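K.L.:
The sequence and its predicted three-dimensional model are supplied below.
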Amino acid sequence: MSSSPPESLNLPRGVLVRLRESHGDLMSEAVLASLEHLRPWMPWASAEAGSPAAQRERCQAVQESWASGSDYNYALLTDEAGPVIGGFGLHRRIDPGGIEIGYWMHVDHVGQGYATAAADALTRAGLELDDVTRVEIHTDQANVRSAAIPQRLGYRLDRVFEREPEAPAECGRIQVWIYSNG
């Protein structure tokens with residue numbers, strides 16, 4: 001057991017590395033190249049949010065959340081040098097005992113197994129944390145591609161709740177997928 005996840009997780013293809021301020025420009029390139037792909041599903045996806053300055057600022061801010069243990073953000077890279085092909089995180093924004101995985105992928109790398117491998121590695125890393133007994137992935141019911149990832153990994157659909165859609169393609173029916181140690 002551990003109080004924080006590893007800073008680097010090697011995948012069958014690619015590597016998850018702790019997001020650092022030095023990744024800002026690479027994150028910006030990935031977000032800006034993928035805006036049309038991200039915009040339907042990610043409320044934050046805009047040219048302004050993807051700008052190099054905004055991404056450098058975000059990467060700097062996530063250092064504090066890692067240190068406090070509230071969020072563990074990663075860049076998904078093809079190899080240690082990059083490029084960034086996705087953003088992943090373990091987030092303590094749910095009930096005690098749980099941690100949530102969030103993710104997005106660069107448009108050119110969707111459907112190649114990277115996201116599933118990264119979510120699998122983060123599921124295992126999350127369950128190794130001292131105070132975590134379950135990992136959750138929340139997907140909008142309309143985002144079939146995103147929901148396929150927890151299904152492939154053996155998560156079970158625990159519940160569906162409704163909320164106001166936050167992004168243009170969302171229907172507002174949120175699926176809560178759970179993976180637990182027991």
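P.N.:
Thanks, I have it.
K.L.:
Every contact and neighbour count from this point should use C-alpha atoms.
P.N.:
Fine.
K.L.:
which residues touch G69?
P.N.:
S4 (Cα atoms under 8 Å, 6 or more residues apart in numbering).
K.L.:
Can you tell me how far it is from R93?
P.N.:
11 Å (Cα to Cα, to the nearest Å).
K.L.:
same thing with I99?
P.N.:
7 Å.
K.L.:
So which of those two has more stuff around it?
P.N.:
I99 (27 against 12; other Cα atoms under 10 Å).
K.L.:
now the helices: where do they sit in the protein?
P.N.:
Secondary structure of the chain (DSSP state H): helices at 24-33, 35-38, 47-50, 52-68, 114-127, 144-152.
K.L.:
Same list, those, but as CSV with mean neighbour count and mean pLDDT please.
P.N.:
What follows is the helices of the chain, written out as CSV (neighbours: other Cα atoms under 10 Å; pLDDT from 0 to 100):
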stretch, mean neighbour count, mean pLDDT
helix 24-33, 22, 94
helix 35-38, 17, 95
helix 47-50, 17, 91
helix 52-68, 17, 92
helix 114-127, 21, 97
helix 144-152, 16, 97
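K.L.:
Ok, which of these comes nearest V84?
P.N.:
helix 24-33 (5.8 Å; Cα to Cα).
K.L.:
Tell me which residues are up against that closest one.
P.N.:
38, 45, 47, 50-53, 55-59, 75, 82-86, 106-107.
K.L.:
again, but for stretch 79-89
P.N.:
Contacts for stretch 79-89 (Cα under 8 Å, 6+ apart): 14-15, 17, 26-27, 30, 71-78, 100-106, 109, 115, 118-119, 122.
K.L.:
rewinding a little: which among the helices of the chain is found nearest to I137?
P.N.:
Nearest of the helices of the chain to I137, taken as Cα to Cα: helix 144-152 at 6.8 Å.
K.L.:
Could you list every helix and strand in contact with that closest one?
P.N.:
helix 114-127, strand 134-140 (3 or more Cα pairs under 8 Å, 6 or more residues apart in numbering; DSSP states H and E).
K.L.:
Pretty sure L19 sits against E64.
P.N.:
No - using Cα atoms under 8 Å as the test, L19 is too far from E64 to be in contact (11.2 Å).
K.L.:
how far away is D140 from P168?
P.N.:
D140 is 11 Å from P168, where distance means Cα to Cα.
K.L.:
what about these two, which has more around it?
P.N.:
Of the pair D140 and P168, D140 is the one with more neighbours under other Cα under 10 Å, namely 24 against 11.
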